[in-house]
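Undergrad: output the structure for:
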Amino acid sequence: MAANVYEGLFILDSNRYGRDPGGVAGQIQEHVEKLGGEILVSRMWIEQRLAYPINGHRKGTYWLAYFRLESTKLTDLTYQCNINDNFLRFMFVKHDPRIVDMLVAHADGSAEETPEEETPAETAEPATVEAAAESAE
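TA: As a prediction, this is how the structure comes out:
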């Protein structure tokens, strides 16, 4: 079966993440690799107050990960995340292979920025504008 690319968004327990950032976030990579997957990008997104308390927690650390995994293994990953107390909530989204490279580059921070387009007034030569003003007189 072919491996698909998934985006995983995890809300981590901020207290546990604050005590052991590498250990808590590293569990995401461990779970994916244990199932034969590959992490493409994994990074902290934001730490903020939750809209509503989850299991008594009012603050959460949002962690974003892109990974490649066989679709048959996704249920095993879901089970592993459900029994892990460090993950308050999580969700997985399957992405179209045509946009994976762009998403991974953007999440990694290595996306190329396109230059802003110049307006026609900025590209006009000053001599041409002056000649048009003289002929109008």
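Undergrad: can you check which strand is longest in this protein?
TA: When the chain is parsed with DSSP state E, its longest strand is strand 38-54.
Undergrad: just the buried residues of the next helix-or-strand element following that strand, please?
TA: Counting by DSSP states H and E, the element after strand 38-54 in chain order, helix or strand, is strand 57-70. Within strand 57-70, the residues that qualify as buried are 59, 60, 61, 62, 63, 64, 65, 66, 67, 68, 69, counting by 16 or more other C-beta atoms under 10 Å. For glycine as for every other residue, the C-beta is placed from the backbone atoms N, C-alpha and C.
Undergrad: what is the nearest of those to residue 103?
TA: residue 66 (6.5 Å; C-beta to C-beta).
Undergrad: please name the bridge partners of the closest one.
TA: Beta-bridge partners for residue 66, by DSSP bridges, are residue 7, residue 41.
Undergrad: you'd agree it is up against residue 101?
TA: No. Using C-beta atoms under 8 Å, residue 66 is not in contact with residue 101; the gap is 10.5 Å.
Undergrad: quick revisit: so for the longest strand of the chain, mean pLDDT?
TA: Taken as a whole, strand 38-54 has an average pLDDT of 94.
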